[in-house]
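Participant: Just a sequence and a predicted model for now, questions to come.
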Amino acid sequence: MDQAGSRSRWTRHGVLGFAFVAPFLTLCLAETHLLLALAPLVVSHVLFLYATFIPNCQWLGPVVRSFATTEPEIWLTIDDGPSPVHTIAILDLLGRFEARATFFVVGLQAEKNPHLVTEILARGHEVANHTHSHPSGSFWAAGPVRTSAEIDRCAEHLRTRGDRPARFFRAPVGLRNLFLHPELERRGLALIGWSVRGLDTIRRDPAQVAAKILGRVRPGAIIVLHEGHRIESDPEFNPRCIEATLSGLAAKGYRCVIPQPEQLRPQRAGK
Ligand SMILES: [Zn+2]
């Protein structure tokens, strides 16, 4: 990750530096070439929007998209819990398939359900930071103070096991902001993206969710699924997606493991 980290740092400085210089270029060109003068502003906005809104884009800093392994292993990650409706059922499923998973936990949910965080850890799984309030519509525009608060307030509710604080962070819906990477670096947190997602927040059929994942899975892939969604309309949906995925992975001979930090890589699984 070191080489990728320094490359991302330079790219981030380049995007920020150009955004800073662009208005001056526009002012200089405005008197003689009005249309041409708009080009630096347009380009700097496009660069910024691309870096921010394309999930797993490495321009603002390294985003982990796979882990190094020669075994048929994948990393199952489950976002947005803990959920009083789903977490125990999901833990039972994981136990049945002898699978380990990382739960990317929302601080507010952990605060309401501390016993579920304890139970996740007690059953040999891992918890990770998914912000305190999961501000999916506004995190991309958050400043440094709010970004830090979202990370730190969530972390407070994950300190149920003193020997190992959470090591991983995932941004809400994968959208980062300009200040996130330096804040994560300061706290020793790795930003985790994904290799494969089943779009279980959009699709309606657990079999389709599992099929999309199973069609793209490779050794070292990071899979994203969710809990705590559709509690009213279809409370069985999230566990069924996870069950179908675990069943398909087992049929293909994959084991679900939690990788070590030194295995994490920015490139996609299979590359
Ligand atoms: Zn989420």
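Facilitator: The structure has been received and is ready for your questions.
Participant: which secondary structure element contains residue 250?
Facilitator: Per DSSP states H and E, residue 250 falls inside helix 237-251.
Participant: ok, and what's touching that helix?
Facilitator: Identification of contacts with helix 237-251 by C-beta atoms under 8 Å, 6 or more residues apart in numbering yields 74, 76, 78, 83, 86, 89-90, 93-94, 96-97, 99, 198, 200, 206-207, 209-211, 213-214, 217, 223, 225-230, 256. All C-beta atoms are positioned from the backbone trio N, CA, C, and that covers glycine.
Participant: How about it and the ion, touching?
Facilitator: No: figure legend: helix 237-251 not in contact with the ion (C-beta under 5 Å from the ion); closest approach 12.4 Å.
Participant: rewinding a little: now which of the contacts of helix 237-251 would you call buried?
Facilitator: Neighbour-count burial (16 or more other C-beta atoms under 10 Å) applied to the contacts of helix 237-251 gives 74, 76, 78, 83, 86, 89-90, 93-94, 97, 99, 198, 200, 206, 209-211, 213-214, 217, 223, 225-230, 256.
Participant: before we move on, back to that, pLDDT averaged over the helix holding residue 250 - what is it?
Facilitator: For helix 237-251, the mean per-residue pLDDT is 97.
Participant: Can you give me the domain assignment for the chain?
Facilitator: The chain is divided into the following domains under automatic domain parsing: 2-53, 66-265.
Participant: what sits against the nearest residue to residue 255 once chain neighbours are set aside?
Facilitator: Of all residues beyond its chain neighbours, the one nearest residue 255 is residue 73 (5.2 Å), with distances taken as C-beta to C-beta, 6 or more residues apart in numbering. Contacts for residue 73 were tallied using C-beta under 8 Å, 6+ apart; they are 219-220, 254-257, 259.
Participant: Shouldn't residue 13 be within a strand?
Facilitator: No: Residue 13 sits outside any strand when classified using DSSP: H, G, I helix; E, B strand; the rest coil, being helix.
Participant: follow-up on the earlier one: what about the residue nearest to residue 255, distance to residue 213?
Facilitator: 15 Å (C-beta to C-beta, to the nearest Å).
Participant: got it, and residue 29?
Facilitator: Noted for residue 29: a distance of 49 Å to residue 213, by C-beta to C-beta.
Participant: again with residue 94
Facilitator: From residue 94 across to residue 213, the span is 16 Å (C-beta to C-beta).
Participant: before we move on, what about residue 233?
Facilitator: In terms of C-beta to C-beta, residue 233 sits 22 Å off from residue 213.
Participant: any weak-confidence spans in this structure?
Facilitator: Along the chain, segments meeting pLDDT under 70 span 1-8, 160-164, 271.
Participant: Contact residues of it facing the ion?
Facilitator: Residues of the chain lying near the ion (C-beta under 5 Å from the ion): 79-80.
Participant: End to end on stretch 159-171, go ahead and measure it.
Facilitator: End-to-end span of stretch 159-171 (C-alpha to C-alpha, to the nearest Å): 19 Å.
Participant: Show me the residue at the heart of the chain, geometrically.
Facilitator: residue 170 (3.2 Å; C-alpha atoms, centre = their mean).
Participant: gap between that residue and residue 263?
Facilitator: Distance from residue 170 to residue 263, by C-beta to C-beta: 17 Å.
Participant: Show the contacting residues for residue 175.
Facilitator: When contacts are counted by C-beta under 8 Å, 6+ apart, residue 175 touches 52-53, 55, 136, 139-140.
Participant: can we see that at 10 Å?
Facilitator: With contact taken as C-beta atoms under 10 Å, 6 or more residues apart in numbering, residue 175 is in contact with 52-55, 57, 135-141.
Participant: Could you turn the buried ones of the residues you listed into a PyMOL selection?
Facilitator: Here is the PyMOL command that picks out the buried ones among the contacts of residue 175, judged by 16+ other C-beta under 10 Å:
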select buried, resi 52+57+135+139+140
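Participant: ok, so of the contacts of residue 175, who is nearest the ion?
Facilitator: The nearest member of those to the ion, counting by C-beta to the ion, is residue 136 at 6.7 Å.
Participant: residues touching that closest one, list them.
Facilitator: Going by C-beta under 10 Å, 6+ apart, residue 136 touches 80, 171-175.
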